[in-house]
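J.: Build me a structure from this.
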Amino acid sequence: AHLVQQHRQAGRAEEAAALARRAGRAHPNNAELFALEIATRSAVEDETSVLSELETRIPDRGPAAARMRRSLANRYLQSAESDRALAVLGSAPPENAGAGTALWYEARAMAFAAGGDLAGMDRTFAQWHLEGLEERELQARYALALSLGKLEAPGESTLARLERAFANA
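T.: Down below sits the predicted model:
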C-alpha cells in the first residue's frame, strides 16, 4: 500500500494502478488494499469496468467483505449512484461480518439517505437497533444521515435532532 501511494504521489499513476492490481490479487481479503485499488485504478482505467471487476472479488463473508462492500458503495455514492451502492451492499450484512457490521449498516443508511429514501433509511436504522446499536448513538447517527442526505423526518427538524445529538455526546 505504501509503495502504491508513493507511485501515485510521484505522478506515476499507471505504475501505481498496475501495482495496486497485483497487490489486490495477491491479498484478496485485504480491505485496505481493496479501497486503495479502487481509487488508484479508477484514476487511469474505465471506472465502470474497475468497479465491476472488483465487485466480483468481494468475499461472501467476514469483516473484510463488509468493509469491501462499503468501499465500493462509497465509490458509487460519490457518483450519485445510490441504487448501485445499495445493490453492492445487499439486503443484509455479510455473514460473520464482526466489526464490519456497523460499517455495513452505516453505508446502507447513507445510501438510502443519498437516494432520498427516508423509509429505507428508517428500516435500516430499525434493523441496526435490533442488532444492538445503542439508542443514543442511533439517534446521533440518524440525525447525521438526515443532514447529509438533506432529508427531514416527521416529528422534529433535522437541526433539532443534530443539536440534541451533540448535547448528548
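
J.: Any idea how far the helix or strand that residue 37 is a member of is from the middle of the chain?
T.: Counting by DSSP states H and E, the element that carries residue 37 is helix 31-42. Remark: helix 31-42 is offset 13 Å from the chain centroid, using C-alpha atoms, centre = their mean, to the nearest Å.

J.: can you give me the mean pLDDT across the next helix or strand after it?
T.: Going down the chain from helix 31-42, the next helix or strand is helix 47-56, by DSSP H and E. On average, the pLDDT along helix 47-56 is 96.

J.: residues in contact with the most centrally placed residue in the chain?
T.: Closest to where the C-alpha atoms of the chain average out (C-alpha atoms, centre = their mean) is residue 70, at 2.8 Å. Residues in contact with residue 70 (C-beta atoms under 8 Å, 6 or more residues apart in numbering) are 89, 100, 103-104, 106-107. C-beta here means a position set from N, CA and C on the backbone, and glycine is covered the same way.

J.: Serialize those residues to a markdown table and add fields for distance to residue 163 and pLDDT.
T.: Output for those, formatted as a markdown table (distance: C-beta to C-beta, whole Å; pLDDT from 0 to 100):
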| residue | distance to residue 163 | pLDDT |
| --- | --- | --- |
| 89 | 30 | 98 |
| 100 | 31 | 93 |
| 103 | 26 | 94 |
| 104 | 28 | 97 |
| 106 | 21 | 96 |
| 107 | 25 | 97 |
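
J.: So for stretch 133-143, what gets flagged as buried?
T.: Neighbour counts over stretch 133-143 (16 or more other C-beta atoms under 10 Å) mark 133, 138-143 as buried.

J.: Name the nearest residue to residue 24, ignoring sequence neighbours.
T.: Spatially, and ignoring its direct neighbours in sequence, residue 24 is nearest to residue 37 (4.3 Å; C-beta to C-beta, 6 or more residues apart in numbering).

J.: residues touching the one you found, list them.
T.: Residues near residue 37 by C-beta under 8 Å, 6+ apart: 20-21, 23-24, 54.

J.: 10 Å instead?
T.: By C-beta atoms under 10 Å, 6 or more residues apart in numbering, the residues touching residue 37 are 1, 4, 16-17, 19-25, 27, 30, 50, 53-54, 57, 71.
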